[in-house]
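K.L.:
Would you be able to build a 3D model of this:
(one chain, ligands or ions: 2)
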Amino acid sequence: MNRFDICVIGGGPAGYAAAMRALDLNKRVLFVEKNKIGGAGVYNGALSSKTFWELSRDVSLARKRLQKYACTEIKVDFKEILNDVKEAIFLRKVQLETHILLLQRKKKDLFSYIKAEARLVSANEVLLKKSNGDEEIISADNIVLATGSRPRKLAHIPIDEKIIVTSDGIECFTDFPESMVILGAGVIGCEWATIFSNFGRTKVNLIDKADRILPFEDEDISLTTQTNLEDNGVTIHKNSQLVRMEIKNGRVEYELRYKDGRSEIYNVEKALVSVGRVPNTENLGAKEVGVVINDNCTVVNEDTRTTVANIYAVGDLTSDFALANVGELEGRHAVEKMFGLNPKPLTYKNISTIMFLSPETAGVGMNEQEARSKGIPYRVVSIDYSLIPRAIAMRNTNGFFKILVTNDEEMKILGMRAVGVHASSAIQAVALLISMDKGIEELAELIHPHPSIIEGIQECVRMLKGKSILKPEIFKDMLKCRGCNEKGEYFELVQNDTFTKI
Ligand SMILES: Cc1cc2nc3c(=O)[nH]c(=O)nc-3n(C[C@H](O)[C@H](O)[C@H](O)COP(=O)(O)OP(=O)(O)OC[C@H]3O[C@@H](n4cnc5c(N)ncnc54)[C@H](O)[C@@H]3O)c2cc1C
Ligand SMILES: NC(=O)c1ccc[n+]([C@@H]2O[C@H](COP(=O)([O-])OP(=O)(O)OC[C@H]3O[C@@H](n4cnc5c(N)ncnc54)[C@H](O)[C@@H]3O)[C@@H](O)[C@H]2O)c1
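P.N.:
Residues are numbered from 1 along each chain as shown. Ligands and ions are numbered 1, 2, ... in the order given. Now for the predicted structure:
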């Protein structure tokens, strides 16, 4: 029986990162993937959807600019867009696969890759089933489970991945649907609503069971996103509940019941169901060898180690953030931990996220909802993009930054949210400060290039110190500053036209 120091099951971002880190440590690695290397980080997931988003943003921007200068309308072809998306995927596929192929050759004593479905048969043994039916059992001192997740389906909705699809079925479309409904206004739902409305060829409708879209974000983010989607032509069905959704004559019929008792039936060409994801823990043999799995299918783990000492779980399989960067972080961490590098326990408080909306929306650390639910008193400052010269130059002042800090002398940064052009690059400085456990002083005094969007963040932190260039008592609608006590009650920091310093 072949013996390895580590067997990594799953070739998505989490598993790939784990395998590569183990190789750095000169361990004998077996890397197993049953389908395509890259997982949802590449296919029907992060890379593919972000390529669609980038192209849709270019089209939308070009259309807006052309309309302004009275030029002719631009019309894009779905097949051309899909070809571009496929090219992006192909490029990444070649990089990831060639890398594996060459490592197998150059480090053949250390690194093996097998395309097979893996199943644990004991805490140290894995059964590998190849697509030609061949089977083999290998032994490994350590095992990393990185089998990722799949779209959650709802029992009463007939998903066929052609007419009613999940995010796995969108690339099977042959043209822009003339109309579609999206069920679930979380990250995936809002991103695809943005993408299809940006292309301008599809009438998009959006439904969520919660009272507002992006329910896990603060109300201001959710309201801004709602307004931006509506301005892009999206209809958000509010105060309504989905009664049924079915396929009739090759189209989608759905019925909504409104809070006032009214019901309405709608007919659209396609539907996207985006109501969350389910970890792939079935048929893995994990439960049978003693790995405890929660009712929601996530693997119970302490800092990536499962309830079986030599088995680790990383990526979408665990209950924290389902993000490619978090999966990579966990994969690398698990390997360092199992081979005695004693890394500090993982912390998730400085994870940066981007939601690819219009405009992009980025975040790091806590939001107000979270701080209030934990009873943490805080100060929150915000600046509207209309006061940032770079945004003025870009002729796009739609957006804001908001920063949360502790309500004390030190004003440690708790978190930040940014909506607007370049939002994702701008928050990186704040992410770094949170990870270094620093206050705002450093950020207030940094010199940034001019004009740059990040200058808006600097103005926010200067405002907290009572030394902003533009004064909040003058630009009351665009520079806001308030505090929130442990009971969740707000108090104004600009009173009687004077800004209260700590
Ligand atoms: C539409 C969409 C957009 C997204 N956009 C972003 C984004 O912009 N930014 C971001 O950070 N994240 C994004 N994500 C999330 C991100 O893709 C996931 O968090 C990430 O891919 C999880 O990595 P993973 O390695 O845990 O799992 P996966 O990527 O799901 O990979 C798991 C792999 O394991 C394999 N596998 C499963 N079972 C077995 C088995 N028994 N044997 C062998 N192999 C097995 C699967 O075939 C798969 O390749 C997006 C996801 C979706 C669906
Ligand atoms: N840009 C990014 O970083 C990015 C992009 C896409 C996906 N992702 C990851 O993928 C994960 C999954 O995304 P998602 O959008 O599927 O999940 P989500 O948890 O973000 O949103 C699911 C939404 O569906 C709603 N919902 C649940 N059940 C419903 C029902 N029966 N009827 C109507 N609405 C219902 C919820 O209220 C919620 O708003 C995310 O958690 C995220 O981590 C990240």
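
K.L.:
Output the set of residues of the protein in proximity to ligand 1.
P.N.:
Within the chain, the positions adjacent to ligand 1 are 9-15, 32-35, 39-41, 45-46, 49-50, 117-118, 146-149, 167, 188, 280, 284, 315-316, 322-325, 327 by Cβ under 6 Å from any ligand atom. (C-beta placed from N, C-alpha, C; glycine too.)

K.L.:
just checking: which of these also lie near ligand 2?
P.N.:
Restricting the residues of the chain next to ligand 1 to contacts with ligand 2 (Cβ under 6 Å from any ligand atom) yields 188, 322-323.

K.L.:
of these, closest to Ser131?
P.N.:
Set against Ser131, the nearest of these by Cβ to Cβ is Ala322 (27.4 Å).

K.L.:
how about the nearest residue to the closest one once chain neighbours are set aside, secondary structure?
P.N.:
Among residues not flanking Ala322 along the chain, Asp316 sits closest, at 4.6 Å (Cβ to Cβ, 6 or more residues apart in numbering). The three-state label for Asp316, taken from DSSP: H, G, I helix; E, B strand; the rest coil, comes out as helix.

K.L.:
mind checking pLDDT for Asp316?
P.N.:
Looking at Asp316, its pLDDT stands at 97.

K.L.:
Please list all residues in contact with it.
P.N.:
The contact partners of Asp316, by Cβ atoms under 8 Å, 6 or more residues apart in numbering, come to 12, 14, 40, 148-149, 277, 279-280, 322, 327.

K.L.:
can you do 6 Å?
P.N.:
Residues near Asp316 by Cβ atoms under 6 Å, 6 or more residues apart in numbering: 148-149, 279, 322.

K.L.:
I'd like to know how far it sits from Asn310.
P.N.:
Counting by Cβ to Cβ, to the nearest Å, the gap between Asp316 and Asn310 amounts to 21 Å.

K.L.:
go on, Glu80?
P.N.:
The value you get for Glu80 to Asn310, if Cβ to Cβ is used, is 50 Å.

K.L.:
neighbours around the residue of the stretch 201-350 of the chain found nearest ligand 1, how many?
P.N.:
Using Cβ to the nearest ligand atom, the single residue of the stretch 201-350 of the chain nearest to ligand 1 is Gly315, 2.1 Å away. Under the neighbour criterion other Cβ atoms under 10 Å, Gly315 is assigned a count of 38.

K.L.:
Distance of it relative to ligand 2?
P.N.:
11 Å (Cβ to the nearest ligand atom, to the nearest Å).

K.L.:
so what's that residue closest to, chain neighbours aside?
P.N.:
In space, Gly315 comes closest to Ala14 once its chain neighbours are excluded; the distance is 2.8 Å by Cβ to Cβ, 6+ apart.

K.L.:
That neighbour against Leu317, yeah?
P.N.:
No: in this structure, Ala14 sits apart from Leu317 without contact. The criterion is Cβ atoms under 6 Å, and the distance is 7.8 Å.

K.L.:
Phi, psi for Thr194 please.
P.N.:
phi -60, psi -50 (degrees, to the nearest 10).

K.L.:
show me the contacts for it.
P.N.:
Taking Cβ under 6 Å, 6+ apart, we find Thr194 in contact with 357-358.

K.L.:
gap between Val8 and Tyr254?
P.N.:
Plainly put, Val8 is 42 Å away from Tyr254 if you go by Cβ to Cβ.

K.L.:
Who are the packing partners of the helix or strand harbouring Ala431?
P.N.:
Ala431 is located in helix 428-435, with elements delineated by DSSP states H and E. In this structure, helix 428-435 packs against strand 361-365, strand 413-419, with contacts taken as 3 or more Cβ pairs under 6 Å, 6 or more residues apart in numbering; DSSP states H and E.

K.L.:
and the ones you listed as a markdown table, adding distance to Leu433?
P.N.:
Conversion of these to a markdown table gives the following (distance: least, Cβ to Cβ, whole Å):
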| stretch | distance to Leu433 |
| --- | --- |
| strand 361-365 | 10 |
| strand 413-419 | 6 |
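
K.L.:
In JSON lines, list those along with mean pLDDT and mean neighbour count.
P.N.:
Converted to JSON lines, these look like this (pLDDT from 0 to 100; neighbours: other Cβ atoms under 10 Å):
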{"stretch": "strand 361-365", "mean pLDDT": "95", "mean neighbour count": "25"}
{"stretch": "strand 413-419", "mean pLDDT": "94", "mean neighbour count": "26"}
